[in-house]
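In: Show me how the following folds:
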Amino acid sequence: LQLSLSDQLYRQSKIDEENRRLKKKSKSDGGSSKKGKKKGLNTTNVDDNEEDLYPVIKVTRGGELPEGVTESGNEDNDNDE
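Out: Reported below is the predicted structural model:
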């Protein structure tokens, strides 16, 4: 099964998103494994930091990239050598 580049990028973005979510979950569960989980634990403060580490880039199924963004995810700076 050969996927188009846009489908590959879409799938990879979903995989990366899930990996970040699991990594954050494992970090927050790391210190509480012996004590047990508290019900209703609020983790919204962790979500606030994600935008600082990972810029939000919308990937569409049509394959169109946002203006100024290359396929590698870096902004196009026209200074390539």
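
In: lowest confidence element among the helices and strands of this structure?
Out: helix 44-53 (a mean of 56; mean pLDDT, DSSP states H and E).

In: tally of neighbours for Glu18?
Out: 10 (other C-beta atoms under 10 Å). For glycine as for every other residue, the C-beta is placed from the backbone atoms N, C-alpha and C.

In: Check it and give its pLDDT.
Out: Per-residue pLDDT puts Glu18 at 94.

In: my read is Gln2 is in a helix, agree?
Out: No: counting by DSSP: H, G, I helix; E, B strand; the rest coil, Gln2 is not found in a helix; it is coil.

In: ok, now which ones touch it?
Out: Residues counted as contacts of Gln2 (C-beta atoms under 8 Å, 6 or more residues apart in numbering): none.

In: From Lys25, how far off is it?
Out: Counting by C-beta to C-beta, to the nearest Å, the separation of Gln2 from Lys25 is 34 Å.

In: Ok, Asn19 next?
Out: From Asn19 across to Lys25, the span is 11 Å (C-beta to C-beta).

In: And Leu9, by the same measure?
Out: Applying C-beta to C-beta, the value for Leu9 to Lys25 is 25 Å.
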